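Trainee: Sharing a sequence plus its predicted fold:
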Amino acid sequence: MPKYDGKEIGNTEGFMVRENMSAYQYHQALQKVQSGELLRLRPGVFAEPATLADTMLDIDVLVPGGVLCMYSAWEHYELTTQIPSAFCIAIPRKRKLVLPEFPPVTLYYWSNHLLEFGITMTEVHGHKVRVTNLERSVCDAIKYRNKIGLDVCAEILKTYLHRTDRNIAKLIEYAKKLRVAATLKTYLEIGI
């Protein structure tokens, strides 16, 4: 745990959270931000620069209740060769959130019913995060095929179909929930 002026600051896996600090420790943390020894990620959340050298951050600290999705999920499952330029995180629609400058985060505002299925807790680079599961990630690619590009969508579907851990029944179930079952059926019939 980091110590400032001899006192320990509450630490949550490399992050310092306001709820774990006394008023004095919080004041010390703010001074360290101004001197450059700490980074303020969002109000009440601080990190040392060495912590941010990791390629994956604790999403739940930066975006409480957020779900890793889209390009980040596709990269996690190795479905595409695309490298995300930012962490893709889904949050409930109508939720207001202030994001830090670093790390880059792209928010996707989803309806509550879309956040209720196909989400699993997994460990990514030592951090436990909520992420859309494999089949849900493929269905998201089909749903947003016009935004991400048909070539990326085709690559994701082809890669998924070549995997041994695929579950076609679950894929079709999620496709129905996301209203892309007809499109998925067409892609499967033409043998992408």
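Mentor: Right, received. Where do you want to start? Numbering: from 1, shown residues only.
Trainee: In the chain, what residue spans correspond to helices?
Mentor: Applying DSSP state H to the chain gives helices spanning 23-35, 59-62, 70-76, 134-143, 145-148, 150-161, 168-177, 181-190.
Trainee: export those helices to CSV and tack on distance to Pro84?
Mentor: Glycine gets a C-beta too; all of them are placed from N, C-alpha and C. Shown next, in CSV, are the helices of the chain (distance: least, C-beta to C-beta, whole Å):
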stretch, distance to Pro84
helix 23-35, 27
helix 59-62, 13
helix 70-76, 4
helix 134-143, 13
helix 145-148, 11
helix 150-161, 12
helix 168-177, 21
helix 181-190, 23
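Trainee: how about these, which one is nearest Leu41?
Mentor: With C-beta to C-beta as the criterion, Leu41 lies closest to helix 59-62 of the helices of the chain, at 6.1 Å.
Trainee: gap between the closest one and the chain center?
Mentor: Computed by C-alpha atoms, centre = their mean, to the nearest Å, the chain-centroid distance of helix 59-62 equals 9 Å.
Trainee: Show me the residue sitting in the middle of the chain in space.
Mentor: Leu68 (2.4 Å; C-alpha atoms, centre = their mean).
Trainee: Dig out what that residue forms beta bridges with.
Mentor: Beta-bridge pairing for Leu68 (DSSP bridges): Ile89, Val131.
Trainee: just checking, it touches Lys128?
Mentor: No. Assessed by C-beta atoms under 8 Å, Leu68 is found out of contact with Lys128, at 11.0 Å.
Trainee: Contact partners for the residue nearest to the centre of the chain?
Mentor: The contact partners of Leu68, by C-beta atoms under 8 Å, 6 or more residues apart in numbering, come to Ile59, His76, Phe87, Cys88, Ile89, Ala90, Val124, Val129, Arg130, Val131, Thr132.
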